[in-house]
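In: fold the following, please.
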Amino acid sequence: MKKLLLPLLSILFLARFSFAADPGIVFPAKDAELSGGVNFEAQTGTIRDWREEGSSLAWKIDLPPATYKVSINYSLPKSSAGGRFEIATESSKSQINSIYPTGSWNEFKDKSLGTIKITPKDKTVTIKATKVPVGAWLMNLKSITFTKQPY
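Out: Alright, predicted model coming up:
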């Protein structure tokens with residue numbers, strides 16, 4: 001009985017106190033409000049044809065006030081490298097980000113954009129193209145993710 005009880009108690013203890021990584025809150029491309037020269041492609045679930053500076057995506061957010069790590073899931077071939085975008089909420093300052101190639105239009109990767117402090121007045125997050133190289137696209141975007149940071 002002792003031989004069975006000890007491993008069982010160990011498993012229960014580890015299960016109670018083990019912490020899984022927070023997967024974050026994902027806002028998919030299909031939920032974005034599009035403005036300007038950008039399109040959503042339902043077949044791939046991505047924002048595509050993003051070639052106009054000033055065009056943007058906006059998501060309605062309902063997040064508890066906290067500091068969040070923000071990341072995007074995107075693709076970009078080397079031939080379209082060199083674009084830049086900003087991300088902002090109603091209360092946050094815009095963060096300018098460069099976008100780097102992932103390999104191809106079909107090779108999606110996650111890119112951390114740093115952290116944003118969400119306040120009670122923040123109801124949307126916006127990503128806006130600030131620089132798109134001539135004859136290129138900014139990126140294909142699948143989602144943006146907010147992961148609450150510990151205090």
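In: so where is the chain shaky, pLDDT-wise?
Out: Within the chain, the stretches with pLDDT under 70 are 1-21, 151.
In: mind listing the strands for it?
Out: Secondary structure of the chain (DSSP state E): strands located at 25-28, 33-35, 39-41, 46-48, 56-60, 66-75, 84-89, 95-98, 109-118, 124-131, 140-148.
In: can you pull the phi/psi pair for Gly45?
Out: Torsion angles at Gly45 (phi, psi; degrees, to the nearest 10) stand at phi 70, psi 30.
In: what sits against it?
Out: Contacts for Gly45 (Cβ atoms under 8 Å, 6 or more residues apart in numbering) come out as 28-30, 142. Every C-beta, even on glycine, is put in place using the N, C-alpha and C of the backbone.
In: for Glu86, same thing?
Out: 94-97, 127-128, 130.
In: and it, bridged to which residues?
Out: When bridges are called by DSSP bridges, Glu86 pairs up with Ile96, Lys128.
In: tell me the spacing between it and Tyr100.
Out: 16 Å (Cβ to Cβ, to the nearest Å).
In: same question for Lys30.
Out: Between Lys30 and Tyr100 the distance is 25 Å, computed by Cβ to Cβ.
In: closest to Pro120 among the contacts of Gly45?
Out: Pro28 (24.4 Å; Cβ to Cβ).
In: what pairs with the residue nearest to the closest one when sequence neighbours are not counted across the strands?
Out: Distances taken as Cβ to Cβ, 6 or more residues apart in numbering place Ser143 nearest to Pro28, at 4.9 Å, with adjacent residues excluded. Residues in a beta bridge with Ser143, per DSSP bridges, are Pro28, Asn73.
In: cool, thanks, talk later.
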